[in-house]
Structure formats: C-alpha cells, structure tokens
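**Q** Structure for this input, please:
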Amino acid sequence: MTTPYNVAVIVGSLRKQAFSLRIAHAFAKLAPASLKLNVVTLHDISFFNQDLEASPPADWLAFRALLQASDAVLYVTPEYNRSIPGVLKNAIDVASRPYGKSSLLGKPTGIVSNSPGPLGGVSAAKHLQQILPGISGPIMQQPEIYLNAIGDAFDEAGELTKESLRPVLQQYIDAFAAWIAQQKK
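**A** Numbers count the residues shown, from 1 in each chain. Here you go, the predicted model:
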C-alpha cells in the first residue's frame, strides 16, 4: 500500500463542543486508508499583523510548517453572520503569507460548511470559494456539502448519532480522497 495523503482538517470554530470540530472528527473516523486526517484547531494562532512578518511569531511558523507538510487541506466551518468566522480568516491570512509563499499553495482543497439552521452555512462556503483562489490549490467543486440541521447529529461525547448524516459524510470524504489522488498524479 502507498503512504496515505496527509490532510490538514482546519476547524473554523473555537467552541469546545463545536459542530465543526465534531464533523472533523467524524471525517477522521470515516476516512479511507488513503487519507490520514490531522484535525487542526485555531486556538493558538495569534492575530495577523504584517509588521511582524520580518520576525514571525512561533505560532505562525508552526501553523505554516504543518500546512506545508500536508498534501491537502479540508476546511470544516460554521457560518458567522453570512461569512466565515474571524478566527478562520485570520488563520488563512497567516498561512498565505509572506506574499507569494502561501503555505496553502498547490494543496488540493475541500470545503465543508455547517449550521444548525436550514441553510447549512452555504454563505461561509461561498466566501471561502472567493477567498482561496490565488493562495491555495484547486478547490474540489463536486460534491458540494452544506450540512444543515446539524444540532442533533452528535451525542454528548461527540459521536455521530444521526445515521442519515453518515452516508453524506462518507460520500464526501471518499470523493475527496479520489480527488486528491487525481490532483497528485
């Protein structure tokens, strides 16, 4: 068997019981053997300030190194005020610098949005699709995934209990694995 592709799964929420974090862990359990998912939270990334770029903070360097060592990136994010959370935008700003040396460049990218509401975070996903071109790799277009009504999908321990969601997640992570392999040829 070949070495699995390392995928940085960036969680766009800081909340301890975040649906995005639970979804990321569910993907890690459902991922085919061709993928190794590394769930990345953004708790320790300081605010981007271009004045610091001459001597970047250690947390920026660590985050950039983690992304550079990854073969692909999967964003799992909620929607805040019809956009992405500020912490996710900050992380993208940190990762995409210095100018012309984005740690995301060339990495096959997936986007999964979610919401306990009826729209599934579609605006957040669309904003990521606007932000990422030029600083990331190719973005998987199909299947799209906007997970709505996610509020009752997990138990207190964070385990997926909404059985109707399992095949949706499985289809997406399998398609993402095949798409990464195609991009890496």
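**Q** In contact with A91, which residues are there?
**A** A91 makes contact with I10, L42, I45, F63, according to Cβ atoms under 8 Å, 6 or more residues apart in numbering. (C-beta placed from N, C-alpha, C; glycine too.)
**Q** And it, how far from S13?
**A** According to Cβ to Cβ, to the nearest Å, A91 stands 12 Å off from S13.
**Q** Could you do Q171 as well?
**A** Per Cβ to Cβ, Q171 is found 23 Å from S13.
**Q** Regarding P118, what is its secondary structure?
**A** Taking DSSP: H, G, I helix; E, B strand; the rest coil as the rule, one finds P118 in the coil state.
**Q** Do you know the pLDDT at it?
**A** Per-residue confidence (pLDDT) for P118: 88.
**Q** Tell me which residue is most central in this structure.
**A** Centroid check for the chain by Cα atoms, centre = their mean gives Y75 as the closest residue, at 1.5 Å.
**Q** Residues in contact with the host helix or strand of it: which ones?
**A** Y75 is located in strand 72-78, with elements delineated by DSSP states H and E. Residues lying outside strand 72-78 but in contact with it, judged by Cβ under 8 Å, 6+ apart, are 5-13, 18-21, 23-24, 27, 37, 67, 84-85, 88, 104, 107-115, 121, 124-125, 128, 136-137, 176, 180, 183.
**Q** can I get the CA coordinates of the helix or strand following that strand in CSV?
**A** Past strand 72-78, further along toward the C-terminus, the next helix or strand under DSSP H and E is helix 86-95. What follows is the C-alpha trace of helix 86-95 in CSV, where atoms were taken according to Å, rounded to 0.1, in the frame of the first residue of the first chain:
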residue,chain,number,x,y,z
GLY,A,86,-12.9,35.8,12.0
VAL,A,87,-10.5,33.2,13.5
LEU,A,88,-10.6,31.2,10.2
LYS,A,89,-10.0,34.3,8.1
ASN,A,90,-7.1,35.2,10.4
ALA,A,91,-5.6,31.7,10.0
ILE,A,92,-5.9,32.0,6.2
ASP,A,93,-4.1,35.3,6.4
VAL,A,94,-1.3,33.8,8.5
ALA,A,95,-1.0,30.8,6.2
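**Q** all helices for this protein, in order.
**A** In order along the chain, the chain carries the following helices (DSSP state H): 19-30, 58-68, 86-95, 122-131, 166-183.
**Q** Out of these, the one nearest A157 is which?
**A** Taking Cβ to Cβ as the measure, the helices of the chain were each checked against A157, and helix 19-30 came out nearest at 9.7 Å.
**Q** show me what contacts the residue of the chain most remote from its centre?
**A** In the chain, the residue that sits farthest from the middle, by Cα atoms, centre = their mean, is A54; the gap is 27.5 Å. A54 sits next to no residue when contact means Cβ under 8 Å, 6+ apart.
**Q** Nothing else from me, thank you.
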